[in-house]
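Peer 1: Sequence plus predicted model, see below.
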Amino acid sequence: MTAAPATILRQHLIDPEICIRCNTCEETCPVDAISHDARNYVVDAAKCNYCYDCISPCPTGAIDSWRNVRADAPHSTADQLTWDSLPAQAPPEALGAGIEVGAGNTAVEMPDDVEKIAAASTAGQGGTAPPPWSAAHPYINLYGIHAPAVATVSGNFRLTAEDASSDIRHIVLDFGNASFPVLEGQTIGILPPGLDANGKAHHVRLYSVASPRDGERPKYNNLSLTVKRVTEDHDGKAAQGVASNHLCDLKKGDKVNVIGPYGTSFLMPNHPGSHLLMICTGTGSAPMRAMTERRRRKFAVGESLGKLMLFFGARSPGELPYFGPLTHLPREFIDMNLAFSRLPDQPKRYVQDLLRERGEDVARLLKDENTYIYLCGLKGMEKGVEESFTALCQANGLDWSTLRPQLLQQGRYHVETY
Ligand code: NAP
């Protein structure tokens, strides 16, 4: 009996060397094909339907990994959980392409829509939006884990009050003679030194750049980060964040291994008259600080600019990163709205509450095709912000459910929450 040749499957995998374990892919996957253990995120070949929904939101591109395998012998999830790196691509002869197999072998659809994968993977972090049409072209993936850039710490300052519950730091990294070009809204990866409990290298952690493209100090080859020292896990149990504690403890002159940069979507527009509507919580302020500082430097030399409207949530002024410098910005430069959630004898206020209060002004911005919206910080705020947009649109003659997809498609709505 003559049978069809073995079917080759282009198996969807996750690169454990680049993955930052942010859980975005698992949350995004509509068919629950992605799962994880304490170390790795894996894709179940039997469930993955190649919808590509997970590709674009991945901040590092670890999700965009593929290997040709025999359809009847894909890498199992149990195997993937043991990997430290992706296996090499098996040569075609090892896959048995052309070998005859018995009838009854199930043919597996090959994902041949390569363009779709490429388009999705270049969409970068923060959802499916393309970058603003006038964004500068970002450099990405200049340094990887096998050849990181080595930066030198030139500053490490506490941003939160001495008696604040959180230790948030402004850390300045100098790249010396190494080329590490970044744009506002991009992220970099930090490789913490040492090994984990299993004797393996710690995986990379991503941080948003908090300084503008021309450096924390203009014309210097440096950038800054906004880092909160992690001392407990999501359930409030004591847990020392490996990368955040490493960064927060750094002293001037210390060396740091940096990879990246990453991000091709969450970028700011450059055309005159473009408005920024920025909504953030806690350290999600890092990219907003970069964008605001970029605009502030232009404002200082008298350039004519679009509007800046900021909604920023923190527990109290002492917990709000960059509180002092923010309060010194001129009102004609930025429309600032600070929401404090834990002030004594005051009701809890979140950014979404202020959005509603300023509904008319926010709607005016939404009606302007030069407005670009950025949302960054806690995952939980996304729902509240969307609800506020829905309500304020309704009250001002707009329909958020129609507007939202248009904004996304035009690269005017960017979300980066964890
Ligand atoms: P946080 O201090 O825990 O919270 C900041 C504020 O957000 C508090 O006032 C908090 O109020 C409030 N909040 C809590 N739940 C909310 C909700 N559902 N809607 C609106 N506001 C809410 O924040 P954080 O620890 O700094 O977290 C910042 C987030 O930004 C993290 O998830 C981090 O991963 C992410 N991020 C960081 C960077 C970076 O470069 N470091 C970049 C991008 C994103 P209460 O707690 O009082 O209720």
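Peer 2: Nice, thanks for sending it over.
Peer 1: For residue 179, pull up the helix or strand it's in.
Peer 2: Per DSSP states H and E: residue 179 is located in neither a helix nor a strand.
Peer 1: and it, what are its phi and psi?
Peer 2: phi -80, psi 120 (degrees, to the nearest 10).
Peer 1: Run through the residues that contact it.
Peer 2: Neighbour list for residue 179: residue 142 [criterion: C-beta atoms under 8 Å, 6 or more residues apart in numbering]. Heads up, the C-betas are built off the backbone N, CA and C, glycines and all.
Peer 1: mind listing the helices for the stretch 201-350 of the chain?
Peer 2: For the stretch 201-350 of the chain, applying DSSP state H, counting those that start in this stretch gives helices covering 242-248, 286-300, 323-327.
Peer 1: Using PDB, write down the CA coordinates of the longest one.
Peer 2: Which is helix 286-300. Below are the C-alpha coordinates for helix 286-300, written out as PDB (Å, rounded to 0.1, in the frame of the first residue of the first chain):
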ATOM      1  CA  ALA A 286       8.300  55.100  33.400                       C
ATOM      2  CA  PRO A 287       7.400  55.500  29.700                       C
ATOM      3  CA  MET A 288       5.200  58.500  30.500                       C
ATOM      4  CA  ARG A 289       8.200  60.200  32.200                       C
ATOM      5  CA  ALA A 290      10.300  59.500  29.000                       C
ATOM      6  CA  MET A 291       7.600  61.000  26.700                       C
ATOM      7  CA  THR A 292       6.900  64.000  29.000                       C
ATOM      8  CA  GLU A 293      10.600  64.700  29.300                       C
ATOM      9  CA  ARG A 294      11.100  64.500  25.500                       C
ATOM     10  CA  ARG A 295       8.300  67.100  25.100                       C
ATOM     11  CA  ARG A 296       9.500  69.200  28.000                       C
ATOM     12  CA  ARG A 297      12.900  69.700  26.400                       C
ATOM     13  CA  LYS A 298      11.200  70.800  23.200                       C
ATOM     14  CA  PHE A 299       8.900  73.100  25.200                       C
ATOM     15  CA  ALA A 300      12.000  74.600  26.900                       C
END
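Peer 1: circling back: if you compare the helices of the stretch 201-350 of the chain, which one is most tucked away?
Peer 2: Highest mean neighbour count of the helices of the stretch 201-350 of the chain: helix 286-300, a mean of 22 (counted as mean count of other C-beta atoms under 10 Å).
Peer 1: now that one: how far from the chain's centre is it?
Peer 2: Relative to its parent chain, helix 286-300 has a centroid offset of 19 Å by C-alpha atoms, centre = their mean, to the nearest Å.
Peer 1: Just the residues contacting it, thanks.
Peer 2: Under the criterion C-beta under 8 Å, 6+ apart, residues 184-185, 207-214, 218, 225-226, 266, 268, 276, 278, 280, 305, 308, 310, 312, 321-322, 329-330, 333-334, 374, 376, 416 lie in contact with helix 286-300.
Peer 1: just the residues you listed that are near the ligand?
Peer 2: Checking the contacts of helix 286-300 against the ligand by C-beta under 6 Å from any ligand atom, the ones in range are 207, 208, 226, 376, 416.
Peer 1: Among those residues, which pair sits farthest apart?
Peer 2: Pairwise distances among these were taken by C-beta to C-beta; the largest, 13.2 Å, belongs to 226 and 416.
Peer 1: Need the residues touching each of these two.
Peer 2: Counting by C-beta under 8 Å, 6+ apart, the residues touching both residue 226 and residue 416 are residue 208.
Peer 1: quick one: secondary structure of residue 390?
Peer 2: Per DSSP: H, G, I helix; E, B strand; the rest coil, the local secondary structure of residue 390 is helix.
Peer 1: Let the chain start at 45 from now.
Peer 2: With the count now opening at 45, the last piece we talked about shows up as residue 434.
Peer 1: List the contacts of it.
Peer 2: Residue 434 neighbours (C-beta under 8 Å, 6+ apart): 444, 445.
Peer 1: Okay, now the unreliable bits of the protein?
Peer 2: 45-50, 140-172 (pLDDT under 70).
Peer 1: Tell me where the longest strand sits in it.
Peer 2: Across the chain, the longest stretch assigned as strand under DSSP state E is strand 193-202.
Peer 1: Domain ranges for the chain, per the record?
Peer 2: 51-166, 193-306, 319-461 (automatic domain parsing).
Peer 1: Any idea how far apart the tips of stretch 375-384 sit?
Peer 2: One end of stretch 375-384 sits 20 Å from the other (C-alpha to C-alpha, to the nearest Å).
Peer 1: my guess is residue 67 contacts residue 79, does it?
Peer 2: No - with contacts counted by C-beta atoms under 8 Å, residue 67 stays clear of residue 79, the gap being 10.5 Å.
Peer 1: and for those two, which residues touch both?
Peer 2: Common contacts of residue 67 and residue 79 (C-beta under 8 Å, 6+ apart): residue 85.
Peer 1: The longest strand of the chain: which residues count as buried?
Peer 2: Within strand 193-202, the residues that count as buried by 16 or more other C-beta atoms under 10 Å are 193, 195, 196, 197, 198, 199, 200.
Peer 1: Kindly report the same for stretch 270-277.
Peer 2: 270, 271, 272, 273, 274.
Peer 1: who's in contact with the residue of the chain found nearest the ligand?
Peer 2: Proximity of the chain to the ligand (C-beta to the nearest ligand atom) peaks at residue 326, 2.0 Å away. Contact analysis of residue 326 by C-beta under 8 Å, 6+ apart lists 210, 212, 272, 357, 358, 363, 365, 421, 422.
Peer 1: would TSV of the residues you listed with distance to residue 88 be doable?
Peer 2: Output for the contacts of residue 326, formatted as TSV (distance: C-beta to C-beta, whole Å):
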residue	distance to residue 88
210	38
212	38
272	34
357	37
358	40
363	41
365	40
421	31
422	29
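Peer 1: any idea where the helices of the stretch 45-194 of the chain begin and end?
Peer 2: Under DSSP H, counting those that start in this stretch, the stretch 45-194 of the chain gives helices at 68-72, 121-124, 136-139, 158-166.
Peer 1: which residues touch the residue lying closest to residue 129 once chain neighbours are set aside?
Peer 2: Closest residue in space to residue 129, ignoring its immediate chain neighbours: residue 61 at 5.1 Å, by C-beta to C-beta, 6 or more residues apart in numbering. Residues counted as contacts of residue 61 (C-beta under 8 Å, 6+ apart) are 106, 128, 129, 130, 189, 247.
Peer 1: Thanks again, I'm all set now.
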